[in-house]
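**Student:** Structural data only, the sequence is not supplied:
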């Protein structure tokens, strides 16, 4: 494969590019979910995960059925669920903070499970 | 290869670069407020990606719900739980961090290999899904009338049951958030804290 073909393959953006982009976002989200010590940053990482899934849905909606747009409908559903999840996450965080005033994930040792 | 495709791909790479840098900033910024700012940038650039994918309604919803709504929730969470020494709470310097980085890197490599190798094989088989370039006529039609009509019709005909269930879910989430975060729960405090021990 010579350089010209590789350049054309790179600059011809299609479905694979979007899948790889959402894959990178998903991996960043999973990494942040595990390694961060702040509870709020864990919530933000969950939002990155949902956003990566949204990018994937909309990319497949664009490249497989642009007439029906089912993927965009599912993206709207995911957004509503993400909003509910963020609100409940904040509520649970406040309830935890009232019991033990800290946002460190290492501090919540009594949350067994 | 036309000029239009080159401009499209340049826009794609610029927005994707900003998106990935902002997502890395959410995870690795030392202060949590900087993470919130990075989150706004990340969600706005995700809206830009949606615009590139002919999804205007989803892009506007992304700006309204994520870049405004969820960011406000996160900023309120930061303010209400005013972290005093939040420089210390960066990332966990533990064994699990190493495992997490290795696992996400491995997941990245596996899915990258499967996507680049297998998607041509999958899309060549008829019946699974047919990947095609969106036709110019459809793009022109969407540019004139937008995607809101199609999404609205789909939401109120094919997906009306999930739509109604979603409204119930939102109602339940609001009620649950009020009940969980509301005051007057002192009797429900777990037995490890001091206020429960004061009770007879």
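**Tutor:** Yep, it's here. The shown structure was predicted, so the numbers you read here are calculated from the model rather than taken from an experiment.

**Student:** going forward, measure contacts and count neighbours with C-alpha atoms only.
**Tutor:** Fine.

**Student:** what about the longest helix in chain B?
**Tutor:** Criterion DSSP state H: the longest helix present in chain B is helix B:95-124.

**Student:** elements contacting it?
**Tutor:** On a contact count with 3 or more C-alpha pairs under 8 Å, 6 or more residues apart in numbering or on different chains; DSSP states H and E, helix B:95-124 meets helix A:15-35.

**Student:** Mind listing residues that contact the helix it packs on?
**Tutor:** With C-alpha atoms under 8 Å, 6 or more residues apart in numbering or on different chains as the test, helix A:15-35 has contacts from A:41-43, A:45-46, A:48-49, A:52-53, A:55-56, A:59-60, A:63, B:16, B:20, B:23-24, B:27, B:91-92, B:96-97, B:100-101, B:104-105, B:107-108, B:111-112, B:115-116, B:119.

**Student:** ChimeraX command to pick out the buried ones of those residues?
**Tutor:** Those of these that count as buried under 16 or more other C-alpha atoms under 10 Å in any protein chain shown are selected in ChimeraX with:
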select /A:41,42,43,45,46,48,49,52,53,55,56,59,60,63 /B:16,20,23,24,27,91,92,97,100,101,104,107,108,111,112,115
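
**Student:** hang on, the earlier thing: please work out the angle formed by the directions of the longest helix of chain B and helix A:15-35.
**Tutor:** Here helix B:95-124 runs at an angle of 160 degrees relative to helix A:15-35 (axes from the mean of the first three to the mean of the last three C-alpha atoms, to 10 degrees).

**Student:** And the pLDDT for the residue sitting nearest the centre point of chain A?
**Tutor:** The centroid of chain A falls nearest to residue A:49 when counting by C-alpha atoms, centre = their mean (1.5 Å). pLDDT, residue A:49: 94.

**Student:** where does chain A have its least confident helix or strand?
**Tutor:** The helix or strand of chain A with the lowest confidence, counting by mean pLDDT, DSSP states H and E, is helix A:3-11 at a mean of 75.

**Student:** That helix near chain B anywhere?
**Tutor:** Yes. Part of helix A:3-11 sits near chain B under the criterion C-alpha under 8 Å from any C-alpha of the partner chain, namely A:8, A:11.

**Student:** three-state assignment of residue B:54?
**Tutor:** The assignment at residue B:54 comes out as coil when based on DSSP: H, G, I helix; E, B strand; the rest coil.

**Student:** give me the number of residues near it?
**Tutor:** Neighbours of residue B:54 under the rule other C-alpha atoms under 10 Å in any protein chain shown: 22.

**Student:** Quick one, grab the pLDDT at it.
**Tutor:** 86.

**Student:** just to revisit the earlier point, pull out the buried positions in the least confident helix or strand of chain A.
**Tutor:** By neighbour count on 16+ other C-alpha under 10 Å, the buried set for helix A:3-11 is residue A:11.

**Student:** Packing partners of that helix?
**Tutor:** Short answer (3+ C-alpha pairs under 8 Å, 6+ apart): helix A:3-11 packs on helix B:3-28.

**Student:** Now the helix it packs on: buried residues?
**Tutor:** Residues B:9, B:12-13, B:15-16, B:18-20, B:22-28 are the ones in helix B:3-28 that count as buried (16+ other C-alpha under 10 Å).

**Student:** How about stretch B:73-80?
**Tutor:** Within stretch B:73-80, the residues that count as buried by 16+ other C-alpha under 10 Å are B:73, B:74, B:75, B:77, B:78.

**Student:** Need the residues that contact that stretch.
**Tutor:** A:40, A:44, A:86, A:87, A:90, A:93, A:94, B:32, B:33, B:36.

**Student:** tell me the mean pLDDT over that stretch?
**Tutor:** Averaged over stretch B:73-80, pLDDT sits at 87.

**Student:** next one: stretch B:116-125
**Tutor:** On average, the pLDDT along stretch B:116-125 is 65.

**Student:** do the same with stretch B:20-34
**Tutor:** For stretch B:20-34, the mean pLDDT works out to 90.

**Student:** and it, anywhere near chain A?
**Tutor:** Yes. Using C-alpha under 8 Å from any C-alpha, stretch B:20-34 reaches chain A at B:20, B:23, B:24, B:26, B:27, B:32.

**Student:** how about the fifth one, what does it touch?
**Tutor:** Each residue near residue B:27 by C-alpha under 8 Å, 6+ apart is listed here: A:28, A:29, A:32, A:36, A:41, A:45, B:35.

**Student:** Can you add distance to residue A:10 and give these back as JSON lines?
**Tutor:** Shown next, in JSON lines, are the contacts of residue B:27 (distance: C-alpha to C-alpha, whole Å):
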{"residue": "A:28", "distance to residue A:10": "23"}
{"residue": "A:29", "distance to residue A:10": "25"}
{"residue": "A:32", "distance to residue A:10": "29"}
{"residue": "A:36", "distance to residue A:10": "34"}
{"residue": "A:41", "distance to residue A:10": "34"}
{"residue": "A:45", "distance to residue A:10": "29"}
{"residue": "B:35", "distance to residue A:10": "31"}
